[in-house]
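>>> Build me a structure from this.
(2 chains)
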There are 2 protein chains.
Amino acid sequence: MTDVLPHIDGVPGFKVAGVHAGLKDDVALDFALLVSDTPCTAAGVFTTNQVKSAHVLVDMERLEKKRTGYRAVAVNTKCANACTGQQGIDNALQMARWVAEKVGCAEDEVLVMSTGVIGTQLPMDKIKRGIELAAEKLDGGREAWQRTAEAIMTTDTRPKIASLKQDDQFTVAGIAKGAGMIAPNMATMLGIVVTDAALEEAAILPTLQKACDKSFNCISVDGDTSTNDTVLLLSTGKATGGEIAQPLVDVCRKLAQGVVRDGEGATKFITIQVFGAESDASAKAIANTIATSPLVKTAFYGGDANWGRIMMAAGRSGVTLDPKQMKLWMAGGDTERRELLLFADGLPTDYSEERATAIVHEPSIYVTLDCGQGKGHAVVWTCDLSHDYVSINGHYRS
Amino acid sequence: MTDVLPHIDGVPGFKVAGVHAGLKDDVALDFALLVSDTPCTAAGVFTTNQVKSAHVLVDMERLEKKRTGYRAVAVNTKCANACTGQQGIDNALQMARWVAEKVGCAEDEVLVMSTGVIGTQLPMDKIKRGIELAAEKLDGGREAWQRTAEAIMTTDTRPKIASLKQDDQFTVAGIAKGAGMIAPNMATMLGIVVTDAALEEAAILPTLQKACDKSFNCISVDGDTSTNDTVLLLSTGKATGGEIAQPLVDVCRKLAQGVVRDGEGATKFITIQVFGAESDASAKAIANTIATSPLVKTAFYGGDANWGRIMMAAGRSGVTLDPKQMKLWMAGGDTERRELLLFADGLPTDYSEERATAIVHEPSIYVTLDCGQGKGHAVVWTCDLSHDYVSINGHYRS
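Here you go, the predicted structure:
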């Protein structure tokens, strides 16, 4: 595997900008624009929430009609543009139209993304200003990508950036944002991945879907699903040769793990591996239930090796299980390791409580559960549930 | 409806005791015993968790074999007796045997319940001591019931007690405990309801199940499901006449609401009413998703009228919805009222933000959601998610 880098030194054909349009009250960057020199093949993976942002509805409709010819993506923060009716749709279309005017392309060659409070209309004067400012700042270098990643942040404390250069053949690079409302059955909040690798029109959506299944669909912060979740993939197709599938997974996974590591109020990064389930789907259901259990997550936060709660969560996942066949291990770190066996043969082992407590005090914890039934396997990544999560979300709108 | 009282002035034929057996480190009551003068018809509703406490497994087996002849129920705290293998089963059986010796009945006429940490074995010397102490203190009066309700508490801050005397015909009385690990798809943590009303052997389980569906299955604190959840109903059948179904619902509902009001760290009591759904099941799925959403619950805690999160949660419930048909109201209090219309026709109304904020600062909040689809209806009760929930559960075992 080629190393995934935490920065982007440019992707041939793409320019980006992150600016302060006045959407956020302070001076923080709050509006982002990405432009391609040439028309791109594109695909999107969107939230499964029935209440969808107007931005999501507009993008879904465009990408359903055609997957080629895309030139730009614009992202606003502070306003989700969800629950905003026809005016919300009109505003999303107007935002795309202004971008098209600046870029010099057709309005249906522009995609839009948004994040923020649900149920308020877009401040269109600020959106217009953001587009104008960003269009002047477009640049392909590392600093421009850094500012763009920062400009899509909400409660994130740091930008999520990943890139990979495959054998001098092509580059895959992405940015993402998201810290709360992160559930297992969705993409993430927002992610944009670009590449110069060649991607057929028919292949781009399944390729993106598969990558999301192995990355953004394996993370959980709080089990809530946003109205705005979108991951977009754009490809200029200018590079020749090379297979993009695995590099795309690597970049998406780095971004997804970045989202969990920066989960709202998170103090610990937790990997849940489930194997020996009857199917991969069962394994994932069990892993997701453990990863979203408030009782499991608060115990990790408190540094309490209360592994009984992991068994409780597995037991309520809706999957038929036999505790007598199950085994549970914990280890420190974020790579696969079965250090301390806690439960086997239907009862606790003679484990060292001191060692268990030491493990759950580490910044990364690796949990492994063997269901003893079959060959189903899944890995999900999550974080703990802290006082700060409650503080951050108790006063989100203010 | 006859008034449901928050105390129990005795139920003909039943004696109870709550004592300190040394299970809890301080001097708190920690062991409870309930004895009937005559054999009772009995039924139980148990956790759906696949990882079940040994106490639950023993009770389930007994009640499957026969529903008559029960004389006693014993409850220990501090140890869930779950994930404890064959020794756990042996210990549960021994606990019942000791009770039977004291009461003077057959061992299979005793039921057992437990609550506490998962994955530790019962301290049998303390269990024995609890049975001996409780057997000496058995009494039918109000104070004994109060102590018994206190003796089954864990993180509860107050006992849950409810009783109802129906037209001088019969009495229905119950106690419950539970504050965390409260999910919609289960009973509660522990509940014992007794009556002298006549209940046929064939009718007692369906009667209890229906009452649970309208009470304990309508509450949610954190969406987690315990390994130990049990609600037992015992009837001496000595009273003649009267219909127990509705009185039983009334008592169970009072207990269930008591559990939510005393939810771990809860500062607010929240009712979620959903109507206009395609079916009652859809309405309940939507209501439960709203009631377990960490983002909805933290917003209520913070006093932020962030109603967009209620729409978000409804949208991710797995039910097909059309935001344009939906309406959302909020009001203060715990009885049905549609005061402030927040969302209709696909977008926010021109509501007063000041009034919305005032409502979410009240101790009880009534949320009503109209899906605009059909006649499905559901009501669930929940609480907010506070800093104290995290504190309580971060260090539960210590």
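>>> tell me the domain ranges of chain A?
According to automatic domain parsing, chain A comprises the domains A:14-244, A:269-394.
>>> and the first one, how far apart are its ends?
When you say that, I think you mean domain A:14-244. Distance between the two ends of domain A:14-244: 18 Å, counting by C-alpha to C-alpha, to the nearest Å.
>>> mind checking how far that domain is from the chain centre?
On the basis of C-alpha atoms, centre = their mean, to the nearest Å, domain A:14-244 sits 12 Å off its chain's mean C-alpha point.
>>> related to what we said a few turns ago, switch the domains of chain A over to a markdown table; also include mean pLDDT.
Shown next, in a markdown table, are those (pLDDT from 0 to 100):
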| stretch | mean pLDDT |
| --- | --- |
| domain A:14-244 | 90 |
| domain A:269-394 | 92 |
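>>> Could I get the ones you listed in CSV, plus columns for mean neighbour count and distance to residue B:266?
For the C-beta atoms, the positions are set from N, CA and C on the backbone; glycine is no exception. Shown next, in CSV, are the domains of chain A (neighbours: other C-beta atoms under 10 Å in any protein chain shown; distance: least, C-beta to C-beta, whole Å):
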stretch, mean neighbour count, distance to residue B:266
domain A:14-244, 22, 18
domain A:269-394, 21, 13
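>>> do the host helix or strand of residue A:127 and chain B meet at all?
Assigning secondary structure by DSSP states H and E places residue A:127 in helix A:124-137. No - figure legend: helix A:124-137 not in contact with chain B (C-beta under 8 Å from any C-beta of the partner chain); closest approach 15.6 Å.
>>> got the contact list for that helix?
Defining contact as C-beta atoms under 8 Å, 6 or more residues apart in numbering or on different chains, one finds that helix A:124-137 is touched by A:17-23, A:30-33, A:74, A:76, A:91, A:94-95, A:98-99, A:102-103, A:144.
>>> Repeat that for stretch A:348-363.
In contact with stretch A:348-363 (C-beta under 8 Å, 6+ apart) are residues A:267-269, A:299-300, A:303-305, A:307, A:330-333, A:339-343, A:365, B:83-84, B:119-120.
>>> Now the terminal residues of that stretch, how far apart.
Distance across stretch A:348-363, first residue to last, is 25 Å (C-alpha to C-alpha).
>>> do the same with stretch A:18-26
First residue to last in stretch A:18-26 (C-alpha to C-alpha) measures 15 Å.
>>> can you pull up the bridge partners for residue A:19?
residue A:31 (DSSP bridges).
>>> quick one: the helices in the stretch 51-200 of chain A?
Per DSSP state H, counting those that start in this stretch, the stretch 51-200 of chain A carries helices over the ranges A:54-65, A:85-103, A:124-137, A:142-151.
>>> wait, I meant the stretch 251-398 of chain A
A:280-292, A:294-302, A:308-315, A:353-360, A:387-394.
>>> ok and the first one relative to helix B:280-292, angle-wise?
Pointing back at helix A:280-292 there. Counting by axes from the mean of the first three to the mean of the last three C-alpha atoms, to 10 degrees, helix A:280-292 lies at 40 degrees to helix B:280-292.
>>> Dump helix A:280-292 to PDB, keeping only the CA atoms.
This file holds the C-alpha atoms of helix A:280-292, laid out as PDB (Å, rounded to 0.1, in the frame of the first residue of the first chain):
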ATOM      1  CA  ASP A 280     -20.900 -10.200   7.400                       C
ATOM      2  CA  ALA A 281     -24.200  -8.400   7.800                       C
ATOM      3  CA  SER A 282     -24.700 -10.000  11.200                       C
ATOM      4  CA  ALA A 283     -21.200  -9.100  12.200                       C
ATOM      5  CA  LYS A 284     -21.800  -5.500  11.200                       C
ATOM      6  CA  ALA A 285     -25.100  -5.300  13.000                       C
ATOM      7  CA  ILE A 286     -23.300  -6.500  16.200                       C
ATOM      8  CA  ALA A 287     -20.300  -4.200  15.700                       C
ATOM      9  CA  ASN A 288     -22.600  -1.200  15.000                       C
ATOM     10  CA  THR A 289     -24.800  -1.800  18.100                       C
ATOM     11  CA  ILE A 290     -21.700  -1.900  20.300                       C
ATOM     12  CA  ALA A 291     -20.300   1.200  18.600                       C
ATOM     13  CA  THR A 292     -23.500   3.200  19.200                       C
END
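>>> Alongside chain B, which residues does the stretch 201-350 of chain A contribute?
Counting by C-beta under 8 Å from any C-beta, the stretch 201-350 of chain A sits next to chain B at A:222-227, A:293-295, A:298-299, A:301-304, A:306-309, A:311-317, A:319-324, A:342-343, A:345-348.
>>> circling back to that earlier point, adding distance to residue B:151, write the domains of chain A out as a markdown table.
Formatted as a markdown table, the domains of chain A follow (distance: least, C-beta to C-beta, whole Å):
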| stretch | distance to residue B:151 |
| --- | --- |
| domain A:14-244 | 35 |
| domain A:269-394 | 22 |
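>>> Reformat the helices of the stretch 51-200 of chain A as JSON lines; add distance to residue B:199.
Listed next are the helices of the stretch 51-200 of chain A as JSON lines, based on distance: least, C-beta to C-beta, whole Å:
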{"stretch": "helix A:54-65", "distance to residue B:199": "54"}
{"stretch": "helix A:85-103", "distance to residue B:199": "54"}
{"stretch": "helix A:124-137", "distance to residue B:199": "66"}
{"stretch": "helix A:142-151", "distance to residue B:199": "65"}
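>>> Residue B:51: which of the ones you listed is closest?
In terms of C-beta to C-beta, the element of the helices of the stretch 51-200 of chain A nearest to residue B:51 is helix A:54-65, at 38.5 Å.
>>> name the helices or strands packed onto that closest one?
strand A:31-46, helix A:85-103, strand A:110-114, strand A:230-235 (3 or more C-beta pairs under 8 Å, 6 or more residues apart in numbering or on different chains; DSSP states H and E).
>>> What helices and strands are in contact with the first one?
The one in question is strand A:31-46. Strand A:31-46 packs on strand A:14-19, helix A:54-65, strand A:70-76, helix A:124-137, helix A:142-151, strand A:190-195, helix A:201-213, strand A:230-235, going by 3+ C-beta pairs under 8 Å, 6+ apart.
>>> hmm, 6 Å instead?
Applying 3 or more C-beta pairs under 6 Å, 6 or more residues apart in numbering or on different chains; DSSP states H and E, one finds that strand A:31-46 makes contact with strand A:14-19, helix A:54-65, strand A:70-76, helix A:142-151, helix A:201-213, strand A:230-235.
>>> Show which residue of chain A lies farthest from the average position.
Distance to the chain centre peaks in chain A at residue A:350, reaching 39.1 Å (criterion: C-alpha atoms, centre = their mean).
>>> What separation do you get for that one and chain B?
Noted for residue A:350: a distance of 12 Å to chain B, by C-beta to the nearest C-beta, to the nearest Å.
>>> That's all I had, so thanks and see you.
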